[in-house]
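S.K.: Task: produce atomic coordinates for the following.
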Amino acid sequence: MRTLYLDCGMGAAGDMLAAALLELIPDSDEFLEKVNGLGIPGVSVEREVSVKCGITGTHMKVWVNGTEEESSDHDHEEHHHEEHGSSHEHHHHHGEHGHSHNSMSAIRHIVEGHLSLPEKVKKDIMAVYELIAQAESQVHGVPVTEIHFHEVGTMDAIADITMVCLLMDRLSPERVVASPIHTGSGQIRCAHGILPVPAPATAYILKGVPIYGGSIKGELCTPTGAALLKYFATEFGTMPVMKTESIGYGMGKKDFEAANCLRAFWGET
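M.R.: The predicted model follows:
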C-alpha cells in the first residue's frame with residue numbers, strides 16, 4: 001500500500017507539513033508556480049533551504065502583499081493567540097459582504113469562489129477549517145458562525161492549508177500514519193494573558209490523538225498543524241514496517257536544541 005508516515009517528534013505546523021510533503025514530489029517548482037497562480041488574495045509562496053542542527057530541509061516562505069508573514073504558523077508567542085481576543089475580533093466584523101475577512105464565511109468565499117481547485121481539494125480545505133472553527137468555538141464559548149479567528153483567517157494559513165491539501169491529493173496515499181504528536185510544554189503569551197501549551201484550541205483538536213508534552217518549552221504543535229494531522233492521518237503510532245522511497249524534511253522557523261523539523265516518509269507497506 002502507498003504509505004505516508006509523518007514523524008511529528010517536534011510537533012507540526014501548516015508550513016512544516018507543506019514543506020515536508022513538497023520534498024516528496026519531483027516537480028516541486030512547477031507545483032509552487034501552480035500555487036502562486038491560484039489567486040489566493042495577495043499571497044505568494046516560495047521555498048528556501050533551511051538548516052537545523054546540521055540537517056538540511058525546506059522552509060516555506062509565505063509573502064502576503066509583498067511582506068513575509070512571520071506568522072507562518074510557528075512563531076506563536078507573539079501573534080498566534082491574538083485569536084484569543086485581540087482587536088482583530090472586534091474591528092473586522094463588517095468587512096465587505098458584511099462578514100469579517102477572517103470568519104468562516106469569508107474563507108469559504110475565497111476557497112469555493114475564487115480558487116481554481118478540484119472540488120475534492122476544496123472540500124478537504126473546508127473540512128480542515130471546520131475542525132479549527134469547532135475548536136475555537138468550543139474554547140471561546142461562541143457559535144462557529146461568530147468565530148473570527150486571527151491565525152486561521154490570515155492568508156498565510158490559507159496558503160499552508162491549501163498546499164497541504166493539494167499535495168495530499170497529488171500523493172494520494174492509501175495509508176497515512178502519524179507518530180504521537182509532541183506538543184511542547186510551558187506557556188505562551190497571548191493578548192489576554194498567558195496560556196498553557198498545548199493551546200486550548202490545539203488541545204481540543206487533538207482529542208483522541210496520542211500526544212505528549214516533552215521537555216521543550218514552547219508551542220510545537222499549532223492549531224493548523226493539529227487540524228491537518230487529525231484530518232489526514234488514518235492512524236497514529238510508531239513507524240510501520242515500510243520500504244521508503246523518499247523522505248521530506250519540513251523545517252520550522254525557530255531553533256530549539258532538537259532539529260525543528262517534521263519528517264515525511266513515502267513508500268510501500
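
S.K.: CA atoms for contacts and neighbours, from now on please.
M.R.: Will do.

S.K.: Run through the helices of the protein in chain order.
M.R.: 14-22, 28-36, 76-79, 87-91, 104-114, 119-140, 150-153, 155-171, 200-205, 223-232 (DSSP state H).

S.K.: can you count the residues close to the spatially closest residue to C261 that is not a sequence neighbour?
M.R.: The shortest distance from C261 to any non-neighbouring residue, by C-alpha to C-alpha, 6 or more residues apart in numbering, is to M251 (4.4 Å). For M251, the neighbour count with other C-alpha atoms under 10 Å is 33.

S.K.: Then T58?
M.R.: Residues lying near T58 (other C-alpha under 10 Å) number 24.

S.K.: OK, contacts around the residue nearest to C261?
M.R.: Applying C-alpha atoms under 8 Å, 6 or more residues apart in numbering to M251 gives the contacts 16, 19-20, 50-52, 57-59, 260-262.

S.K.: K122 too?
M.R.: Applying C-alpha under 8 Å, 6+ apart, the residues near K122 are 111-112.

S.K.: Okay, it and C190: tell me how far apart.
M.R.: Distance from K122 to C190, counting by C-alpha to C-alpha, to the nearest Å: 31 Å.

S.K.: Same question for T58.
M.R.: From T58 to C190 the distance is 28 Å (C-alpha to C-alpha).

S.K.: Please apply the same query to K207.
M.R.: The gap separating K207 from C190 is 22 Å, by C-alpha to C-alpha.

S.K.: swap in L24?
M.R.: 35 Å.

S.K.: Around G193, how many other residues sit close by?
M.R.: There are 9 residues near G193, going by other C-alpha under 10 Å.

S.K.: Look at it and report its pLDDT.
M.R.: Per-residue confidence (pLDDT) for G193: 88.

S.K.: swap in V64?
M.R.: At V64, pLDDT is 88.

S.K.: Tell me if I'm right that it and S44 touch.
M.R.: Yes. V64 is in contact with S44 according to C-alpha atoms under 8 Å; the separation is 6.6 Å.

S.K.: More neighbours: which of the two?
M.R.: More crowded of V64 and S44, by other C-alpha under 10 Å: S44, with 24 against 18.

S.K.: What residues does the more buried one make contact with?
M.R.: Residues in contact with S44 (C-alpha under 8 Å, 6+ apart) are 35-36, 62-64.
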